[in-house]
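Engineer: Generate a structure from the sequence data that follows.
(one chain, ligands or ions: 2)
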Amino acid sequence: MDLAKILVMEKKTSIARDIRGNLKRLGHEVTAILQTEDECIREIFKNKPDIILIDIDLNEGKFGLEIAENFKKNFSIPVIYIISEFDMSYLLRLKKVEPYEFVLKPVNEKNLYSSVEISLYRDKMDKKLQESEWIYRTIFENTGNATIFIEEDTTISLANREFEKLSAYNRDDIEGKKSWTEFISRDDLDRMKDYHRLRRIDPSAAPRNYEFQFVDRYGDIKDIFMTADIIPGTKKSVASFMNISEQKRLESEILRISEQERHQIGIDLHDGLGPHLVGIKFLANLLKQKLEQKNMEEAKNADEISGLITDAIDHTRQMVKGLSPVDIDADGISFAIADLTRNVEKVYGIKCSFTQGGTLNIKNKFVAIHLFLITQEAVNNAVKHSNAKNIGAELIENDGAITLTVKDDGTGIENILDRREGMGINIMKYRARIIDASLYIGPNDTGGTRVTCTYRKE
Ligand SMILES: Nc1ncnc2c1ncn2[C@@H]1O[C@H](COP(=O)(O)OP(=O)(O)OP(=O)(O)O)[C@@H](O)[C@H]1O
Ligand SMILES: [Mg+2]
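Structural biologist: Ligands and ions are numbered 1, 2, ... in the order given. Now for the predicted structure:
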């Protein structure tokens, strides 16, 4: 049994004395017997009682109930009410202030004992609960990510400070008022609503992590990496948002710079090393001729050197082609893809076909380059990761839409949304985004993986 310091508010001295006697026998200490609210407040500050026993009919302009309510609210001290008779009106009044316990006059020891014990126990539990609430509240506020709790009907019931910053709304304007769907870009909304629904049927049916575009109060778009999960045993979920806009911007910038560099290396090889090798070949041929004129055997060596330089020139040309695919023009994309698939067959021995459907008419060279580079990465991924026997690329123009598909019959790609290690897929997404095309990377109907990029001409 915990020993408690108890403050008693009772006007009748005989009852107060009885109570003190009973409590003392139970091992508790009565710190004071008082009548007015002011005295009590002073006593609370001075002796910090664990429990206040208060006569509900204590009347000094205010009812005991009101005083008790004030104590509970301002000092979080459990209150036990002393009531003189047990009727419905008491119960209703007590219910209003969520009573801890009550004892009936004349106060008996057993009743007092159980009320004090229950009050102390409840108070301990309440404090523990409050502490764990504070811990979770602190974690919720300080994860560093914008975090929200979502109800089944999509309403946001709780939002932390970071979410206020991300959305540019005040918490009061969000909690209980806004639906998460108001913060999602049009392109991502249907997919995310599906996840919301699926997650409530089976939490593992929707991905935990994925990227989407967030729209804030002013319509500004932010790239987000999101983690969502259902709260066990409920239909509520918790979602946290990491703003990766800056990371995305840097990724694009790196890509742009690396492409510029590749292009520059291509140009340097083409305009520098290429002519240089041609010059050396010319000199080697001249040497060969001179040695032949002198009937010298070394002419053969000079011929070999010239042959090797020819190989080096071819090699350089190949490198220039690989480094500067920017030479692809609108008509050239089919040739470039056909070339790519032929090379894969030759080098890796995997069956790799290319089909073109409809008359292609891509006027925009920029679009052609990016479509080619998406094809190249998808084919390379199939070669590198899928263990496929067949890879097929297809380019079709139909009704103003150009659809590029690369399929393989390999092992298939697992959860694409969890894959963040390589750069290739991110770069494909980036390329699709900048030409305003849609991109699917996922399972193929007949097994393996399919990458489909659809570009709609204006
Ligand atoms: N066709 C595919 N079949 C099976 N798995 C694939 C396929 N394409 C991609 N993957 C998987 O997806 C991952 C990510 O691909 P991504 O192109 O982003 O990176 P990477 O190819 O590993 O590296 P990088 O492209 O940066 O050189 C791969 O590591 C692989 O596990
Ligand atoms: Mg790759």
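
Engineer: how about stretch 102-112 as CSV, C-alpha atoms only?
Structural biologist: Below are the C-alpha coordinates for stretch 102-112, written out as CSV (Å, rounded to 0.1, in the frame of the first residue of the first chain):
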residue,chain,number,x,y,z
PHE,A,102,-16.5,9.1,-3.4
VAL,A,103,-17.2,8.2,0.2
LEU,A,104,-20.5,8.3,1.9
LYS,A,105,-21.2,10.0,5.2
PRO,A,106,-20.8,8.7,7.9
VAL,A,107,-17.4,7.8,6.5
ASN,A,108,-16.4,4.2,7.2
GLU,A,109,-12.9,2.9,7.1
LYS,A,110,-13.4,0.2,4.5
ASN,A,111,-15.0,2.7,2.1
LEU,A,112,-12.3,5.2,2.7
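
Engineer: Please, where are all the strands along the stretch 301-450 of the chain?
Structural biologist: Secondary structure of the stretch 301-450 of the chain by DSSP state E, counting those that start in this stretch: the strands cover 351-357, 390-398, 401-408, 438-443, 449-456.

Engineer: Helices of the stretch 1-150 of the chain, residue ranges please.
Structural biologist: Taking DSSP state H, counting those that start in this stretch as the criterion, the stretch 1-150 of the chain carries its helices at 13-25, 37-47, 64-75, 88-96, 109-142.

Engineer: measure the residue of the chain found nearest ligand 2 to Glu394 for me?
Structural biologist: The shortest separation between the chain and ligand 2 is 2.6 Å, found at Gly424 (distances taken as C-beta to the ion). Quick note: C-beta positions are derived from backbone N, CA and C, even for glycine. Plainly put, Gly424 is 20 Å away from Glu394 if you go by C-beta to C-beta, to the nearest Å.

Engineer: and the chain, which residues reach ligand 1?
Structural biologist: By the criterion of C-beta under 6 Å from any ligand atom, the positions of the chain lying close to ligand 1 are 381-382, 384-386, 408, 410-411, 413, 419, 422-425, 449.

Engineer: Select only the buried ones of these in PyMOL?
Structural biologist: To isolate the buried subset of the residues of the chain next to ligand 1 in PyMOL, counting by 16 or more other C-beta atoms under 10 Å, use the following:
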select buried, resi 381+382+385+386+408+410+413+424+425+449
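
Engineer: Neighbours of the nearest residue to Gly447 once chain neighbours are set aside, how many?
Structural biologist: Distances taken as C-beta to C-beta, 6 or more residues apart in numbering place Asp409 nearest to Gly447, at 5.8 Å, with adjacent residues excluded. By other C-beta atoms under 10 Å, 19 other residues sit near Asp409.

Engineer: One more: Gly279?
Structural biologist: 11.

Engineer: which residues touch it?
Structural biologist: Shown here is Gly279, which makes no contacts under the criterion C-beta atoms under 8 Å, 6 or more residues apart in numbering.

Engineer: And it, which helix or strand is it part of?
Structural biologist: If you go by DSSP states H and E, Gly279 is part of helix 274-293.
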